[in-house]
Structures are given as C-alpha cells and as structure tokens.
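Peer 1: Sequence first, predicted coordinates after that:
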Amino acid sequence: MVKEEKEIANRPDNTAFTQQRLPAWQPMLSAGIVIPGFVLIGLAFIGIGVALFVTSRSITVLEIDYTGIEKDSACFKCSNTDVKNCVCNLVFSIDSLFEGPVFFYYGLSNYFQNYRKYAASRDDEQLSGDLDAFTAPSDSCSPYDYNSNDKPIVPCGAIANSMFNDTFVLYRVVNGANKLVPLDGKGIAWWTDYNVKFRNPSVTPLKNAFNNTVKPIFWPNPAYQLDASDPANNGFINQDFLVWMRRAALPDFRKLYRRIADGEYAKGLPAGNYSLTIAYNYPVQSFDGRKKVVFSNVSWMGGKNEFLGIAYLVVGSLCVLMSIVMLIVYAKFKFPEED
Amino acid sequence: MFRKRPPPEEERKVRANDREYNEKFQYASNCIMTSKYNIVTFLPVNLFEQFQEVANTYFLFLLILQLIPQISSLSWFTTIVPLALVLSITAVKDATDDYFRHKSDSQVNNRQSQVLIRGSLQNEKWMNVRVGDIIKLENNQFVAADLLLLSSSEPHGLCYIETAELDGESNMKVRQSVSVTSELGDQNNLASFDGEVVCEPPNNKLDRFCGTLYWRDKKYTLSNQNMLLRGCVLRNTEACYGLVIFAGPDTKLMQNSGRTKFKRTSIDRLMNTLVLWIFGFLVCMGVILAVGNAVWEREVGFLFQSYLPWDPPVDNFLFSAFLSFWSYVIILNTVVPISLYVSVEVIRLGHSYFINWDRQMFCSQCNTPAEARTTTLNEELGQVEYIFSDKTGTLTQNIMSFNKCSINGQTYGEASDPLGPQPKRLDFTPFNPLADPDFCFYDDTLLEAVKVGDTHTHKFFRLLSLCHTVMSEEKSEGELLYKAQSPDEGALVTAARNFGFVFRSRTPGTITTTEMGRSVTYTLLAILDFNNIRKRMSVIVRNSEGRICLYCKGADTVLLERLHPCNQELMNITSDHLNEYAADGLRTLALAYRDLSEDEWEAWSERHRSAAKAASCREDRLAATYEQIEQDMVLLGATAIEDKLQEGVPETIAVLSLANIKIWVLTGDKQETAVNIGYSCKMLTDDMTEVFIISGHTVQSVRQELRRARDRMIEMSRTRDGKEEGVEGCFMGNGFREGQGDSRGGEKQLQCPPPPPSNLMDNISGEFALVINGHSLAHALEADMETEFVSTACACKAVICCRVTPLQKAQVVEMIKKHKKAVTLAIGDGANDVSMIKSAHIGVGISGQEGIQAVLASDYSFSQFRFLQRLLLVHGRWSYLRMCRFLCYFFYKNFAFTMVHFWFGFYCGFSAQTVYDQYFITLYNIVYTSLPVLAMGIFDQDVPDQRSLEYPKLYEPGQLNLLFNKREFFICIAQGIYTSVVLFFVPCAILSDATQSTGVPLADYQTFAVTTATALVIVVSVQIALDTGFWTVINHVFVWGSLGLYFSIMLALQSQTLFGIFPNQFHFVGSAQSTLLQPVVWLTIALATAICIVPVLAFRFLKVDLKPQLSDTVRYTQLVRQKKRKPAGRSVGGAWRGVGSVSEGRLGARGSSRRSGYAFAHTEGFGELITSGKNMRLSSLAMATFASRHSSSWIDTLRRKKHSHTNTPPSASGESSPAPSCVSGSIPPLSNSSSVLCGSQDAPIEEETGAAPDTQTASTSSTQNPPAPAPASEAADGLAQTLNAGVLTPAALRSQGGDSPGGWTISLGAVQEALLRWKGRASASNSPVKLAE
C-alpha cells in the first residue's frame, strides 16, 4: 500500500499537457485549400484593385510649383533671398468644376523633417503648457533652446523654429475682378494634437505666460500672435503650428493648409480663372528644396492614390496566375494519396 | 641536495612513516576539489566566464554605446534589462551547481580513515591523509588513496577487492602484499617500517604499476598486484594495511576521470558563429549607412543647416558619419536580440520538462522517471549519430539465470506458448528448505524428475554442485550466500541448490553438499582449472563410498569431442538442444563425467604432480595432463544460461540502427561475453557479412589487421555492388517513391543508391562488425593509427570494444568526436562510464543499477536502456525540429523588423532615425512576437510520437543537420530582408500621397510608424501561423493573444491618460486611433501582408508537392487516415506496441543457428586458489596447517597465463574452430587477425534451415580458411536465385528460416518490411556456418 503511494508520487502526471497529447489542429498545405485560397485571394484583390483604381481616377488634383527657380515662374523674383516680404501672384485656371470639398495643401520637397536630430529637437512638456519648461527648455532643443542672451526660446527647438510661414490668399477671377475665395483653417490638425498633446498654459492673457521668453529666431511674431484674426487660434494650439509640428515621414511631403468648403464653394471650385497671392517668406533654395501648392478633393479612401489600385490589381492577378501554375503542378506531380 | 621540480614528476619516492621526508616533494594531498568557485571568487569568475560568451560581451558593448548621448539612438533600458536578467539567471544556476559539487567534495574529503601515526591508529579525515602514511582499511571500506598493500589479516597477505567503481567489473579481485611486508603483521611492527618506494609518476593506467621497494638494503619489485586503488572496496578481508603512494588528484581514479567540460550543442556553436556573422553584417550595414551619412551631410545636410544646424561637437560630415555608424549599430542590433538566448533557454527547459514528465519513460519497477539533468542539450538528442554503450548494467541486467537444460536427451525449461497463460513459477521451498527464493524456473517436469530420483538428473545436478570454484558463506543455518567469481557459475550452482543438490561449504580438500536433504562430503582430489584455451573445467572427487569421479563442464565444442564413442546418439540430440539454446541467445555449457578407477587416478595424479612441479613449460605440461584424463567422458547434458538483457534492448537497437545511428559497445568485459551479448541484443547478427576481430598486441599487427579488415570490406562490397546493380530496388521508408525522402537541403540528398564514392570507405554496402580488444585498442588509439581505426570502424555497422579501461572509453568517444564531427551519445551505468559520459556530447546514465556516479555525471538519466529510443527518436527529434523552426523564424522576424530601419536610412538622411516608436522596439521581441514562437518552439510536432518510432528514418534530417544550417539561415535572412523591403516600400509608396477622408495627409511620421509596425506584427503573426504545424489551445491563445496584446498595448501607450502623466515620454499620443481608423492604412497592411506571405505559401505548397520530406508524407497519410476514420495505427504500430510485453528482454529466435561458445565469464586461477587454501579464512579452515601442493606463487602463474594465453596455440587435437569459437579468443596465431566469423554457405537456403544433423557436416570453414572468391560467387548465385523467385521480404526470409518467430521477430520483420530499403541481399551471401563436429 505504502509502496503504491510512493509510486504514484514519482510517476509523472497523465495529463494531455505533460504527455504532449494536447488536442491540436494540424493544418496541412493541401491542394484543396491552397489552390482555391489563391483563386479567392486573387479575385478579391482584383476586385478591390478595380474599385480603388476607379475611385482614384475620379479624384482631381491640381499641383503648382511656386519655388521660383525657373525664370518664367511668377515667383522668380521672390526666389532671391535678399528680397524681404515678397509677394507673388500665381494665376491658374480650372476647366471644369473642381468638385468639393477641395483641400488646399502646401508641399515641400527635399526637406528632412524626419532627420533624427530635427525630430528630437522639441520639448513636449513645454508644448503641453508646462510653465517650468518655458523657463528651462529641454536640452534636446539645442541649439534653439536659448538665444544669444540666454533667454529661453518658446517654443524651443528646430521644428518650431523652422515653421513654414508662407501665406496664401486665393481669388477667383470673375469678369476681371478678384473675388476672395474663403479658406477654412479650422480642424486641419489632428484632434489629439489640438485637444491633448499641445496645450497653452492656463494663463490669461496668454501673452503673460511668455514673459521672460523670446520667440523662435526665425519667427516674425511670438507664439501668442500667430493668428491676429482669431485670438483662440494662438499659442501652441494654432492650427498651422500644429500641422507643422506633425512631422512628415518622408522628405517630400505636403501639409494641409486650408479647406475650401464654405458657401458657394461647398460644391467645389467652379471652372474659371483663379489667382493665388503668395506671401513668399520661406527660403528653400539654399538646400535645393521645392515649394508647391496642391488643390485636391478626396474620396472615401482619401486622396488620389493610383499606386494602391495598381498594386492590388497586380498582386491579385499574380495570385490567380500562381493558382493556375499550382494546379498544373499538382495535376502533374500529385501528392501520394494512399501509399 | 638537488631540488626536484614538481610539475613533470619523473619518479616518485615515498618513505613510509616519514612525513618530513615526503613533504619535500610536495606531493598532492588526498584532498580532492571538483568545484569551480568559492564565495569570494564566484562573482568575478562567473561574470568573467559569462562574458566569454560572445553574445554577452556584445550586449555589454551595446549598452556602453547607448550611454553616449551623441550616439544613443535608442534608450538604454532596451538593452540593460534583458542583459541583467540573463546574467543573473545563469549565475544562479552556476552557483547551485557548484554548491552541490562543494557538498559532494566535502563529503568525500571528510570520510574517516585510520592512519597509523607514531605507532598508534588515529582517525583522520581523508583529506588529511598524506603520501607515505600507513592506513588501516577494514572490510567493506572504500580505499582512500592508491595504496601499496603491506599486510592483511588474511594469510599470505592476500586481500580481496571489488573494482566496480573503477572498471565496472563486478567480480572480486585478489591482491597480495610483498611477502616481506606481509610478515610484519601488527601495527607495532608497521609503525617502525621505514621502507622506501620508488615508483612511476602518477598516471591513469589502471592495470599497471611498477615500482621498487627498498627496505633493509634489499630491493623488492612491486607490481599492480600489490596495489589497492582508490575507489575500490575491500571485501572478504577483515582488515589490511597500506602505504599511501598516490593521493587525491594523483590517484588513478582521479587521473581517469575526464575533465568536466561545459557541453554545448552544435546548434549553440552554430548560433554563436551566426551571431558573429550577423555582427559582421551589422558592421557592413553600419558602414554603408555611415558612408551614406557622410555623403548626405556633405551634399544635403550642410546646406540644410539653416533649419538644422550641426551640433557643436559635430563640426564636419566625417565625424557625423562616424557617430552615425555607432548609432546604426545600436538600432540594428535587434537582428540578434538578447531575447534569442533567453528564449532558447526557455524552450530547452520546456523540452526538459517534457522528458521528465514522460510516462513512457517512467520505470514502474524502479519507480524512477526519466530526468533531464542538463537542460541545454535537448536538440542535440535529435542529431545523434553514434551511441557508445556500456554493456553490463546498461544492455544487460547483469543477472544470469539458469534458463534451460538438457538432461540425457530430454530438454527442460522450454518456454511454453508465449501467447498462452504465463506458466507458474516453481516454488521450491516445500521440497527444499535450502532453496534460494529468488531462483526462477517454470518447468515442473524437471522438478518431478528430480523428485522421482532419475539418476541422470541427479548426476547432472551433482555435477553442478561439485564442479565449480564458488565459495560459500553460511551466516546462519540454511542461509547460504554464494560468492561466485563469474555470475554464470553462480547461476549454475544456485540451480543445483534449488533442485536439491546444495553446495554447503568447502575446504581445500573437501566439498560438503546436501544432496536431497542428506549431507554428503566429497574429497576434492583435484581441480582441473578453467582457462580460455581449454574452455572447460573439471573436478576430481572421491565420494563417501570411495568412488572416484571426474566431473567436467565446458564449452560444447571442446567437450563433445572428448566423449566416449558410445555417446553418439545422445550427443546428437544434445547437440540439437544446444543449437536451439544458442539460437535463443543463451549461453550454453555441456556437462560430462567419467568414473575413474583408483589405479587410473593414482597414475594420473603422479603425472600431474610432476607436471606441476616442472620448472619449464609448466603450463603446457599441465594442460597435456589435463587433456589425458578428460577423455572418454559420458555426456550428461547441457545447460543454458541467460545473460538477461534489459527489457526491449534488441528492439531498441534495431530501431536505433534503422535511424542510422551507429552503436558501439564499450565494455570492460571479456571479448567472449561481449560478443555473446552483441548477438543476443541484435547488434551482431548472422546476417552480417563479416565480423572482424582485432586482437593484435603490437602496433604493427593491429595496423595490419585493420587494413586487412578494410580491404576485405571494400572487396566484399565491390563484388556485392557489382551483382546488385540494376536489380536493387530503391525503397525509402515504407515504399515511397524515390525522391520523396529527400532531404530538405536539396544538395545533401539521402538518395539511394548513394552518390558515387568520394571516399571508398564511406560507401561500404555490406553489414560488417568489428570487435576490438582493449590492448589492441590502446594501439589503435595512438595518434597515427587513429584515422585508420576510425575509417575501418565507422564503416562497420556495429563495433564492440572489450576490455577497455574507463579512460579508453573516453578516448574512443573523443576520437569519434574529433574525426567524424558527429554527435555522440554515451550511455552507461557505472563509475567506469563516467569519463565516457562526460566526454560524449550527450551522456546518459542508467539509474538504479550500479550506483549513482554515472547518473551524477550524466546529462540525462533513466532506468531502462529501451527508453533511449524514445529519448532520441521522439524527444530528441522534436526538440531538434522545434529548435530549428524556432531559430529560423526568430532570425526571420528580427531581420524583417530591423532591416526596415536600413531602408528608412536612405530617406531620413542616414540619421539613425528609427521607423518605429521606441516602445514598439522594446516590446516587439519580448511581448508582441515572443510567445507564439515560444509556443511553437515548445509544443510543435510534425508527426506524432508513435510515428517517429514507426519511421526511424524521420530521424535522419537531424543527423544531417538539414533543418537549421547556414543555408537555412541565409534563406531565413533573405526572407526577412524581403519582408522588410515590402514593409517599408509599400507603406512608403502608398502613404506618401494618401490622405485621410478629412483631407489630412497620412504621410506624417507617426502614422507611417504605426502602419509599418502594425503591418510587421501582422505579417510575422501570419508567418508563425504558417510555421506552426501543431495548433494546440496554447498556440491559439498565444498567437491571437499576441495580436490582441499588440493592439491593446499600442492603444494604451498612445492614450491620453499616459500622455497626461509623462508628456515627454509618449510622443505618439493619439496616433493609433487616428491611423487605424483609416481604410487606406488597412488596405496598405493587407497589401503588404499579401506580398510577404503569398510567395511563401506558394513556395511551400510546391515544395510539399514536388519534393515532400518523409515527415510531410507521414503527416499527410496520417491526416488522410484520420479523415477516413480508419482505426488508428497500422499493423506496424500495433506490432510495436505489443513488443515490450512479449519479449522479456531476450531475443526470441535468430534466423539460423549459431552456437554460443561457452558461458564462462571467468578467469582461470581460482581452482588453484581453492586447492591451495589461500583464500580460506583461517577460521573456516579445518586444517590450518594444510600444505599447498603448489607453493610456488599462484599469482605469478596467473599473471603469466594472462599474458600468454592469447598467443598460445590451440589445443593439439586439431579442432577446427567453428564459427562461434573464432570470436572467443582462441584464435591461432597464424590467423589471429580479422577472422572470418561466418563463412559461406554450402547448402541452399531451404535446406540450411532444416537444421537436420546430417546437414551439419558440410561446413568446413574454419578460421584458418578465410573464404576465397569461390563462396562469394556462390553467394551471388544464391542471390540471383532469390531475386528470380520474386520479391522476398526480410520477413519472408525469417519465416523461411524456420525458427519459431516470437513476438519480437514478427514486429522486427514488419518494421523492416516497412522501413528498410531492402537490398535483396538479406540471405544469400552470409548464411551461417553449421558446427563442424
């Protein structure tokens, strides 16, 4: 009796787990699954691809480079860095109705917002309204943390300092007269940026929070005066600032500038001539950069994106092709069924 | 005085009782230390050892890099936490191990021994014993150091030792002191003994000692016969005194214990190499990116300074490039994350637990489960190519049992129908109160025969009770204890005892027995002792009525020739019985007697006396006199003794050899015994083409023998191949088409016929076996012979090394490791196997047999040899498979993960900007992707366990290292890089222009990061889902759980709450929500996944279809079978499961008859010992003054005989040594090289199996006549005949063989049918030889 008990003590447990006999699903790449699977995937991809391609085709995009490198460019005169407060006029025409809502982007190329040091050159505590960080910006902002007089820069860092500051005014030329097209600058930034990530210090007036600090070196105005027209759109929650602070992943990028959705333009931009007045402030020639403006409308899947549709079509067709190949191979070298 | 340098000790001088003198030489003390650390040195030494690991140093280096702010592209915590974890886990493990070593050391060092100090005996710890001390040993004590035996309580300074710890031989050995010291007697005299010993320096030769004792101006030669070695146990001797010559580490025991080495698996080594390569790869990537950075900084960054000025310390592009190099080294280091090492350990631990938990490796008799004592070697179990096995206690139980006998033409002990009810074990006690209760016999007809008083039966057992050299000890009335020098004899005497002929006691001149309850005393007139040439022993006794009788037992081959002609008929019947017994793998002996008249005895006795006194050629003259009297005997019958194999040994060996594992038996035992066991455990078979025996004593002869064997093999295989070409079918496994069994590796295909030979020796097609003796092995292991030996031995299917020392065992293993680059496994149970167990890649200890030294030194332990097949074919195979799949996937997923940074480098100015969030980088390896791959690494199965045993060929990919090697590694890496390309460029192409439906562009960095990371996690999850072949609940939970975890952790880390607390730490706030709501993002992820996975899927499908591996096929058929709901298990499987119960550790029947020579595992000399009375206790000797007739030292005789017997010509009767005896050591000097075990066959198969006596006459093949080409061609004819006759399976052959196929045979046949690629050669050329009589 005692012996039996002892034996039980040493004998390993007879469970499915310890004996490695857990019930298990053992998939096998059999022809019955793989070949129809490939056909199915292929057809699905082709279907999606067609849908995407068609949708993408329906989207209109208007892109105009205004860097002014070329002599015939309207902004050629402004490309000289010596010229201050240069304004140039870009005239273009739309043949048919540019269906709305139309989005107005500015684009930069050869611009490295994704460079590691550039990306790190900011102080998130400062940008979240922490007053301590106003007086003592983080080291990561260097060399844009203090000015030459050792005054803290707010907002500090290279990203903020290099904020894009060209401004655009769009006119529709109706019978020779310029009619202002209203541009909507609200809600062009991420909701979380506007509501969570970037906060102004809870000091009223806002200006007082910036006492004993200086504006970024490249900025014409301090942060609390970014938008003279709308007092609520100032400080760190200024929409243009937020858009700029959301760094681009790639060196060629575009950022949303304004929406054209108000009043008579809600259906889109009617055919006709337009004039874009550009306050040309932002120098890019020194590093071979390019600036452009882009007008585009969107569909359910966002802006124009032909690559996506084509890629889906290609992958889908390859899947179907592959399934045919596999079928032939399978028919020829059938896996031994019952040997 | 000149100073002696201690290190290369040339000669050792020891003066007894003079510590001051001996201290001069600074000999090692008797303290042993096997531990590695102490408390102070632990931390530095252990850390030092750990940082010798490439990986650990590498991570330390990375850590340092990360602490430099200019370089750090990742937070330091991504490296230090795992590193510290790994280091501390290892340290704790090492500390525990060392603690146990300390404990066992101190236990040994603190054993007490009695040391003679200044004339009195004092108790001293072992560690305090010094060289030159005289210590007293008592019965059953361990010898504390290597001692020179000075005197003993027994007469003539004799003492007995058991050397099982040293060499594994369990019989007792005799040691004798030099006569001058044996006279010293008591301790007072010994205290004043001041002799000086000059001897050889410490060495590891167990059987050799040479030195000189200088005492009182006289010289005495010392030999091994005077030495008591540490590790031996004193037996049957009250006490003895010895002088310590070698102590502690200098003792032969310690010198013989191989160094403890840290064992690594080949995967470990490969992994370390790969890590180095990857490091090189990393440097290359770093250099490319740094060059890129230099160019970029010069061309673009310099101009871009208006927006991004260079850091003050970075004032030029070259320095920037330099820093960028190190930054990239940091972010790309995740190609080898430290979690690789942790995961590997976890997986191995899991596998070890599965071994511990396996109920099918649990022995209920000894109540021991299998134990994985080392947790780091599991996958190597799946790659074993060579098994080195001990014999005694490993293959055999070391129990001899009297199994059958033939008395006067009547056979007894026939096992009844194995399928019928188990016969009842006979109970002897009512019949015989003196019976041994442990004795097993099942045939009650024999007992009846004894009871009715059948004279032959009585004579038979009387002979067994008289003719032996067993000593008895009767502690109390009726409680008999036999001390047999060989277990065979013990079994025979015990059998006689149980059948009523009880051997009670003996004096030098008498034997007292109890015959059928009546006490009888015989006068012992002579013992005609056993030796290897005579292969028999006789006693001449005078019974109480004064009749003189000679009783003889011996090998049938010798005995049957010496019978009186009137025995012819009986001889034929007995001979048949002997054949049957031998075919059953039993060890047989024939028994005969002869009545002598007083005159005959007197005359012979006179001749014998003069022969014994002869100064020259005493041996030969004695042998001649023995020969004279052992004539005209009357046959009594034969005995059959079973050397009980452990359960399932032949099956295990058969399965393992089907798995292409070569098995070598290394035993300290005698050649005959070893060969016998080789046959009964199926290592050697009668189907073998040839068995070579190497027993040369000189380098030249060994070399010659090896060469001859090799030439023969090449020649044989050439003739065979020539005949078989074109006919030979090509069958893999169970008849799959050629090519299906091909390795995954493509190049290393396991095709048959094998590719044209690059090396002739690799292409030997016959089945050969090699038997090599210890002394020959010593030569074969010499540096210049090694290659020769290896090439010959490795071409053989089975190799048996006999009479090997523990160190030689280790040397053999080392040699194979060195020359073959193969994974070796050593299995043994005794202390003598420790060095072999330690030096093999994997050491397995059989627990519960001879003590625990072997188990302590082993990596795995269990209690039955047969568990080895499960350990290797199931656990080992799975472990290997899982580890390989794990590694492949692991490298893949990390390359896919890391290389994205490389591509991104080209778009971010080579600034070492990471693509992903740093939390993702930290968690990717330890949270998001670790569990599914761990689950696969622990639980995956390609085929179920019983299939692995059914199809041993499934084991081969492991041996050929096909599942994970450099090629596979590059494939994984290529796949990883491909995935990384897709994962970077697809989002890059799509997102750069894409916008949300609100018009906000998607090309911002955080969206890009989240998209890529999500795509990555999904792709690698799909990939692991594809790789997992065995989806248990755990796999489901882990795979789906990891995906779920990824999304929840990401959402949590990017939540507003966390950002509110640490705004500086969580930059990604809101990205997940914002990104994952975009359909474009999901379309991107789907596209990337499809592009990554679809080609893999197609490739795998095509591979399974075009080039399936055996495992695929097995898996497929298994699934098909499951679907069709056929009853599980094919006939093969069913047969397998039945095996264990049917064959009780014994081979049922061999296909043909092969008569085992004789059963004596015995050395000669004991007869002389008995008659001289030297081994009789004074107390037990009736005649204390008995004068020995052979007063000349019998030990000298013994030694002389030992050295000479193999060279002595065979007995003069011109016996033609038949097949079995040629492996038994009596090889004539002329042909004592590679003797032919099995010659050719003269009769056709059908007749041969008839086993009628008249067909036995034909064979004349003897050792002197190696088969000439003629038999070979005959064999070929036979082959052609069989092939013409149609398909002949091995099973068919077996049943044709006519011997009753036991359960074992059936199953083996079935397995072979299913698995062997049968070459149609099974019978023709190598049929066995009938006994010539």
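Peer 2: In hand now; what should we look at?
Peer 1: can you pull the pLDDT of the residue of chain A found nearest chain B?
Peer 2: Chain A approaches chain B most closely through A:Thr192 (2.6 Å), counting by Cβ to the nearest Cβ. C-betas here are computed from N, CA, C, even on glycine. A:Thr192 carries a pLDDT value of 89.
Peer 1: can you pull the contacts of B:Arg882?
Peer 2: B:Ile347, B:His351, B:Glu379, B:Met936, B:Gly937, B:Ile938, B:Phe939, B:Asp940 (Cβ atoms under 8 Å, 6 or more residues apart in numbering or on different chains).
Peer 1: Please point out which parts of the helix or strand hosting it sit buried.
Peer 2: Using DSSP states H and E, B:Arg882 falls within helix B:877-905. Using 16 or more other Cβ atoms under 10 Å in any protein chain shown as the test for burial, helix B:877-905 gives B:877-905.
Peer 1: which ones are touching B:Gln122?
Peer 2: Contacts of B:Gln122 (Cβ under 8 Å, 6+ apart): B:Gln114, B:Val115, B:Leu116.
Peer 1: again, only using 10 Å
Peer 2: B:Ser113, B:Gln114, B:Val115, B:Leu116, B:Asn128 (Cβ atoms under 10 Å, 6 or more residues apart in numbering or on different chains).
Peer 1: which one is the residue of chain A closest to chain B nearest to, not counting chain neighbours?
Peer 2: Leaving aside its sequence neighbours, A:Thr192 sits nearest to B:Gly1070 (Cβ to Cβ, 6 or more residues apart in numbering or on different chains; 2.6 Å).
Peer 1: A strand includes B:Val634, no?
Peer 2: Yes: counting by DSSP: H, G, I helix; E, B strand; the rest coil, B:Val634 is found in a strand.
Peer 1: what pairs with it across the strands?
Peer 2: B:Tyr593 (DSSP bridges).
Peer 1: Okay, it and B:Ser597: tell me how far apart.
Peer 2: Distance check for B:Val634 against B:Ser597: by Cβ to Cβ, to the nearest Å, it reads 15 Å.
Peer 1: And for B:Asp784?
Peer 2: For B:Asp784, the distance to B:Ser597 - Cβ to Cβ - is 61 Å.
Peer 1: One more: B:Glu297?
Peer 2: 118 Å.
Peer 1: neighbour-wise, which of those two wins?
Peer 2: B:Glu297 (25 against 10; other Cβ atoms under 10 Å in any protein chain shown).
Peer 1: Now that one, what are its backbone angles?
Peer 2: phi -60, psi -40 (degrees, to the nearest 10).
Peer 1: now do the one 10 residues further on
Peer 2: The phi/psi pair for B:Tyr307 (degrees, to the nearest 10) reads phi -100, psi -30.
Peer 1: Which residues are in contact with the closest residue to it other than its chain neighbours?
Peer 2: Ranked by Cβ to Cβ, 6+ apart and with sequence neighbours excluded, the top spatial neighbour of B:Tyr307 is A:Ser162, at 4.1 Å. Applying Cβ under 10 Å, 6+ apart, we find A:Ser162 in contact with A:111, A:113, A:118, A:121, A:144, A:216-219, A:244, A:282, B:304, B:306-308.
Peer 1: Can you report phi and psi for B:Arg208?
Peer 2: Dihedral angles (degrees, to the nearest 10) for B:Arg208: phi -140, psi 140.
Peer 1: Ok, the one 5 residues further on next?
Peer 2: Here the main-chain torsion angles of B:Leu213 (degrees, to the nearest 10) amount to phi -100, psi 130.
Peer 1: ok, now the one 5 residues further on?
Peer 2: B:Lys218 has phi and psi values of phi -120, psi 150 when expressed as degrees, to the nearest 10.
Peer 1: correct me, but it touches B:Gly195?
Peer 2: Yes: assessed by Cβ atoms under 10 Å, B:Lys218 is found in contact with B:Gly195 at 9.3 Å.
Peer 1: Name the residue in the two with the higher neighbour count.
Peer 2: Neighbours were counted for B:Lys218 and for B:Gly195 using other Cβ under 10 Å; B:Gly195 has more, 21 against 9.
Peer 1: Just give the closest residue to that one, not the sequence neighbours.
Peer 2: B:Trp215 (3.4 Å).
Peer 1: who touches B:Gln1118 in this structure?
Peer 2: B:Gln1118 touches A:Gln26, A:Met28, B:Asp942, B:Val943, B:Pro944, B:Arg947, B:Ala1128, counting by Cβ under 10 Å, 6+ apart.
Peer 1: again, only using 8 Å
Peer 2: B:Val943, B:Pro944, B:Arg947 are the contacts of B:Gln1118 under Cβ under 8 Å, 6+ apart.
Peer 1: nearest to chain A, of the residues you listed?
Peer 2: Nearest to chain A among the contacts of B:Gln1118, with distances taken as Cβ to the nearest Cβ, is B:Pro944, at 8.4 Å.
Peer 1: That closest one: how many residues sit nearby?
Peer 2: Around B:Pro944 there are 19 residues (other Cβ under 10 Å).
Peer 1: where does it sit relative to A:Thr18, distance-wise?
Peer 2: With Cβ to Cβ as the criterion, B:Pro944 and A:Thr18 are 16 Å apart.
Peer 1: burial count for B:Glu23?
Peer 2: 12.
Peer 1: Can you tell me, leaving aside adjacent residues, what's nearest to it?
Peer 2: Using Cβ to Cβ, 6+ apart, the nearest residue to B:Glu23 is B:Arg130, at 7.7 Å.
Peer 1: Next: B:Ser179.
Peer 2: Nearest to B:Ser179 is B:Gly157, by Cβ to Cβ, 6+ apart, at 6.9 Å.
Peer 1: and that neighbour, how many neighbours does it have?
Peer 2: Count around B:Gly157 with other Cβ under 10 Å applied: 24.
Peer 1: cool, and B:Arg547?
Peer 2: Quick note: B:Arg547 (other Cβ under 10 Å) scores 12 neighbours.
Peer 1: hang on, isn't it packed against B:Ser597?
Peer 2: No: B:Arg547 lies out of contact with B:Ser597 (Cβ atoms under 8 Å); the separation is 9.2 Å.
Peer 1: Identify the residues contacting B:Gly500.
Peer 2: B:Phe431, B:Asn432, B:Val450, B:Phe461, B:Glu515, B:Met516, B:Gly517.
Peer 1: does the first one sit in a helix, a strand or a coil?
Peer 2: Spelled out, it's B:Phe431. coil.
Peer 1: Dead centre of chain A: give me the residue that sits there.
Peer 2: A:Ala248 (6.0 Å; Cα atoms, centre = their mean).
Peer 1: picking up where we left off before, just name the closest of the contacts of B:Arg882 to chain A, please.
Peer 2: Nearest member of the contacts of B:Arg882 to chain A, counting by Cβ to the nearest Cβ, is B:Phe939, at 7.1 Å.
Peer 1: Skipping adjacent residues, who's closest to A:Arg290 in space?
Peer 2: Nearest to A:Arg290 is A:Ser109, by Cβ to Cβ, 6+ apart, at 4.3 Å.
Peer 1: Equivalent analysis for A:Phe38, please.
Peer 2: Nearest to A:Phe38 is A:Ser323, by Cβ to Cβ, 6+ apart, at 3.6 Å.
Peer 1: And that neighbour, how far from A:Leu43?
Peer 2: For A:Ser323 relative to A:Leu43 (Cβ to Cβ), the value is 10 Å.
Peer 1: quick revisit: would you confirm that the residue nearest to the centre of chain A contacts B:Ala1003?
Peer 2: Yes: contact criterion Cβ under 8 Å: A:Ala248 and B:Ala1003 qualify, at 5.6 Å.
Peer 1: what ranges of chain A fall below the confidence cut-off?
Peer 2: A:1-9, A:335-339 (pLDDT under 70).
Peer 1: let's go with 50 and repeat that
Peer 2: Low-confidence segments of chain A (pLDDT under 50): A:1-5, A:338-339.
Peer 1: Break down it into its helices, ranges please.
Peer 2: Secondary structure of chain A (DSSP state H): helices at A:2-10, A:31-57, A:116-120, A:124-127, A:131-135, A:158-161, A:191-192, A:206-209, A:239-245, A:306-332.
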